[in-house]
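Undergrad: 3D model of this:
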Amino acid sequence: MKIVFVIAEADPFIKTGGLGEVGGSLPAFLHQHGVDVRVIMPKYSSIAKRFQQDFKHLAHFNVPVAWRKQYCGLDELVYQGVPYYFIDNEYYFSRPSIYGEYDDAERFTYFSRAALESLVHIPGFKPDIIHCNDWHTALIPLMLKEFYSREPLYFPIKTVFTIHNLKYQGVFSKDVLSSIVGLGMEYFTQDALEFHGAVNFMKAALLYADRITTVSPTYAQEIQSSYYGEGLDGVLRKRSGSLQGILNGIDYQIYDPNNDPYLVRPFNNFPLAKEENKKHLQRVFGLPVREDRALLGMVSRLVDQKGVDLLAHVMEEILALDVQLVILGTGENRYEQILRDFASLYPEKLALRLEFSDKLAHEIYAGADLLLMPSRFEPCGISQMIAMRYGTIPIVRETGGLKDTIVPCTGSTDSANGFSFVNYNAHELLFTIQQAVKIYREDKPVWENIRQNALTSDFGWDRSADAYIQIYESLL
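TA: Predicted coordinates:
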């Protein structure tokens, strides 16, 4: 089977979060399972020069953006056996940021149309399925139907759409429908793209894709409810027969504690290596080196979704425990300032880095004892999977992929690999942290059992790749 994977970001070329992780990992594992998979993504100016110097120019052509024609160059680079095709247009993609620009509606409408137009310029390749990801590519199933249904190359093509985070839907003024997308106002209805007086790009894929997936089984159920559905739960309930949750994985070659270049000591000798990496993490963050003190870590965007408000509400009670806490991430100014204030009040207990750093993230996964993920919602989450790979025990709220990956320490600890709480409540978070710290300090056999279960939990991509292949086969 021949699959085109269209996505806005893919590691190692560009990555801002979980979407980029999937764009880099899933196609590689599909390729290993015998699928002829190709990836199409924008050619951002911020892609490292070491990659760009190896790009091979395939073609250039014009792309319709409503009534206008825009230039498109198509470049190719084969990475880990997978051909990546880069949509080249400096006006749209030579920007300081890859998202959050004033004309994102136009940029990603152009990208979606360019991805479709580029298919005729890939030699010897006729795709069976286009796999679209998040709102940036959500117009493709509708464009395929509206603009290409009479074209021999295109009309047999099926579409799969994956929701990575339903909160981000691509909602824009209704004017973009005709002036940018090039569709008539017959699509501006409640049964089509209209959404509270605006146009919703993601809604297009939910209505017109042949199959819909999301990134965990629990999230697939949650988003059909009004609490998690972000206004689209009605559409998702109507399409429930075509909706499936498939848990994301992590690439065990990238997150390999035995061969991680960021670690001061590889994990060949686990307990000793864990101790050395913990001391190193304490030094890097300027905390007193204390082996006996539970070291909590958090690698996160500092936004509402991630439960930072819960953490801030009980921060003083957490820091009253015999613990240290390191936090890495950036986000909303109010949360950054709150955390700065706490760090200045408790300099020997709380250390903060307001940045994104792969190196520091790996050092936290390797050196912390516990990882905090008190999310309001979490479609899948990969930090908890990475942490377990490094013997760091997650403390999570039971939502989305966190619920699907963490077996909580309740009555029996035989299969427990972490700690969890149910309600989005600061004192439930505090109680769970207190429980985990108590076991860490006072019950080493139980702690070691939980840690061993975490280390042996399997979250590789193979199972997920097989599930996607089954969906592709069902469409063919």
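Undergrad: is it correct that N417 is in contact with F459?
TA: No. Look at N417 against F459 with C-beta atoms under 8 Å: they stay out of range, at 10.4 Å. Where you see a C-beta, it was placed from the backbone N, CA and C, and this is true even at glycine.
Undergrad: joint contacts of the two?
TA: Residues touching both N417 and F459 by C-beta atoms under 8 Å, 6 or more residues apart in numbering: M388.
Undergrad: these two: which has the busier surroundings?
TA: Of the pair N417 and F459, N417 is the one with more neighbours under other C-beta atoms under 10 Å, namely 23 against 20.
Undergrad: any idea how far D191 is from G234?
TA: 11 Å (C-beta to C-beta, to the nearest Å).
Undergrad: who has more neighbours, the two?
TA: Remark: of D191 and G234, G234 carries more neighbours, 12 against 8, as counted by other C-beta under 10 Å.
Undergrad: how near is G231 to A198?
TA: 11 Å.
Undergrad: more neighbours, the two?
TA: A198 (17 against 14).
Undergrad: what's near enough to touch H164?
TA: With C-beta under 8 Å, 6+ apart, H164 has these contacts: 18-19, 22, 133-134, 214-215, 379-380.
Undergrad: which residue, other than its chain neighbours, is closest to Y71?
TA: Leaving aside its chain neighbours, Y71 sits nearest to N89 (6.0 Å; criterion: C-beta to C-beta, 6 or more residues apart in numbering).
Undergrad: wait, that neighbour touches L74, no?
TA: No. With contacts counted by C-beta under 8 Å, N89 stays clear of L74, the gap being 10.5 Å.
Undergrad: so these two - more neighbours on which side?
TA: Of the pair N89 and L74, L74 is the one with more neighbours under other C-beta under 10 Å, namely 23 against 18.
Undergrad: how about the secondary structure of the more buried one?
TA: Put simply, L74 is strand when judged by DSSP: H, G, I helix; E, B strand; the rest coil.
Undergrad: run through the bridge partners of it.
TA: A59, I87 (DSSP bridges).
Undergrad: could you check the pLDDT of it?
TA: pLDDT, L74: 98.
Undergrad: what residues are up against it?
TA: 57-61, 85-88, 118, 121-122.
Undergrad: what does the average pLDDT come to for stretch 432-440?
TA: 97.
Undergrad: and the helices in the stretch 51-200 of the chain, which stretches?
TA: Secondary structure of the stretch 51-200 of the chain (DSSP state H, counting those that start in this stretch): helices at 90-93, 104-118, 140-147, 176.
Undergrad: possible to save the ones you listed as a markdown table with distance to D292, mean pLDDT and mean neighbour count?
TA: Formatted as a markdown table, the helices of the stretch 51-200 of the chain follow (distance: least, C-beta to C-beta, whole Å; pLDDT from 0 to 100; neighbours: other C-beta atoms under 10 Å):
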| stretch | distance to D292 | mean pLDDT | mean neighbour count |
| --- | --- | --- | --- |
| helix 90-93 | 51 | 97 | 17 |
| helix 104-118 | 50 | 98 | 24 |
| helix 140-147 | 55 | 97 | 21 |
| helix 176 | 58 | 97 | 21 |
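Undergrad: can you tell me which of these comes nearest to A220?
TA: Ranking the helices of the stretch 51-200 of the chain by proximity to A220 (C-beta to C-beta) places helix 140-147 first, at 18.5 Å.
Undergrad: the helix or strand harbouring E21 packs against which elements?
TA: If you go by DSSP states H and E, E21 is part of helix 18-32. Where contact means 3 or more C-beta pairs under 8 Å, 6 or more residues apart in numbering; DSSP states H and E, helix 18-32 is packed against strand 2-6, strand 36-42, strand 82-88, strand 129-133, helix 462-475.
Undergrad: residues in contact with I98?
TA: Contact analysis of I98 by C-beta under 8 Å, 6+ apart lists 8-9, 14, 16, 42, 44, 46.
Undergrad: how does it look with 7 Å?
TA: 9, 14, 16, 44 (C-beta atoms under 7 Å, 6 or more residues apart in numbering).
Undergrad: likewise R150?
TA: Taking C-beta under 7 Å, 6+ apart as the test, R150 contacts no residue whatsoever.
Undergrad: for it, give its distance to S173.
TA: 30 Å.
Undergrad: repeat that for R38.
TA: On the measure of C-beta to C-beta, R38 and S173 end up 33 Å apart.
Undergrad: more neighbours, the two?
TA: R38 (22 against 12).
Undergrad: pLDDT value on the more buried one, please?
TA: 98.
Undergrad: low pLDDT regions in the protein?
TA: Low-confidence segments of the chain (pLDDT under 70): 411-412.
Undergrad: what's in contact with whichever helix in it runs longest?
TA: Secondary structure of the chain per DSSP state H: the longest helix is helix 426-442. With contact meaning C-beta under 7 Å, 6+ apart, helix 426-442 is reached by 294, 310, 313-314, 317-318, 321-323, 369-370, 374, 393, 395, 419-422, 446-447.
Undergrad: ChimeraX command to pick out the buried ones of these?
TA: Restricted to buried positions by 16 or more other C-beta atoms under 10 Å, the ChimeraX selection for these reads:
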select :294,310,313,314,318,321,323,369,370,374,393,395,419,420,421,447
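Undergrad: which of the contacts of helix 426-442 fall within strands?
TA: 294, 323, 370, 393, 395, 419-421 (DSSP state E).
Undergrad: and the furthest pair within those?
TA: Every pair of the ones in strands among the contacts of helix 426-442 checked by C-beta to C-beta; the farthest is V323 and S420, at 18.4 Å.
Undergrad: pull the residues that contact stretch 301-313.
TA: 167, 300, 329-332, 335-336, 338, 372, 374-377, 397, 426, 429.
Undergrad: correction: stretch 186-195
TA: Here stretch 186-195 makes contact (C-beta under 7 Å, 6+ apart) with 171, 174, 177, 199-200, 203-204, 207, 231.
Undergrad: which of the residues you listed tops the neighbour count?
TA: Counting by other C-beta under 10 Å, top hit in these: A204 with 27 neighbours.
Undergrad: so that residue makes contact with I140?
TA: No. A204 is beyond contact range of I140, at 8.5 Å (criterion: C-beta atoms under 7 Å).
Undergrad: got a PyMOL select line for the buried ones in the contacts of L74?
TA: The following PyMOL line selects those of the contacts of L74 that are buried, judged by 16+ other C-beta under 10 Å:
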select buried, resi 59+85+86+87+88+118+122
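Undergrad: sorry, back to before: want to try JSON lines for the contacts of stretch 186-195, with distance to I98 as columns?
TA: Converted to JSON lines, the contacts of stretch 186-195 look like this (distance: C-beta to C-beta, whole Å):
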{"residue": "V171", "distance to I98": "19"}
{"residue": "K174", "distance to I98": "25"}
{"residue": "L177", "distance to I98": "24"}
{"residue": "V199", "distance to I98": "22"}
{"residue": "N200", "distance to I98": "21"}
{"residue": "K203", "distance to I98": "23"}
{"residue": "A204", "distance to I98": "21"}
{"residue": "L207", "distance to I98": "26"}
{"residue": "G231", "distance to I98": "25"}
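Undergrad: closest to W67 out of those residues?
TA: Checking the contacts of stretch 186-195 against W67 with C-beta to C-beta, the nearest one is L177 at 13.2 Å.
Undergrad: the closest one is in contact with L183, isn't it?
TA: Yes. Using C-beta under 7 Å, L177 is in contact with L183, at 5.3 Å.
Undergrad: picking up where we left off before, in CSV: the helices of the stretch 51-200 of the chain, plus distance to M1.
TA: Below are the helices of the stretch 51-200 of the chain laid out as CSV (distance: least, C-beta to C-beta, whole Å):
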stretch, distance to M1
helix 90-93, 30
helix 104-118, 19
helix 140-147, 18
helix 176, 34
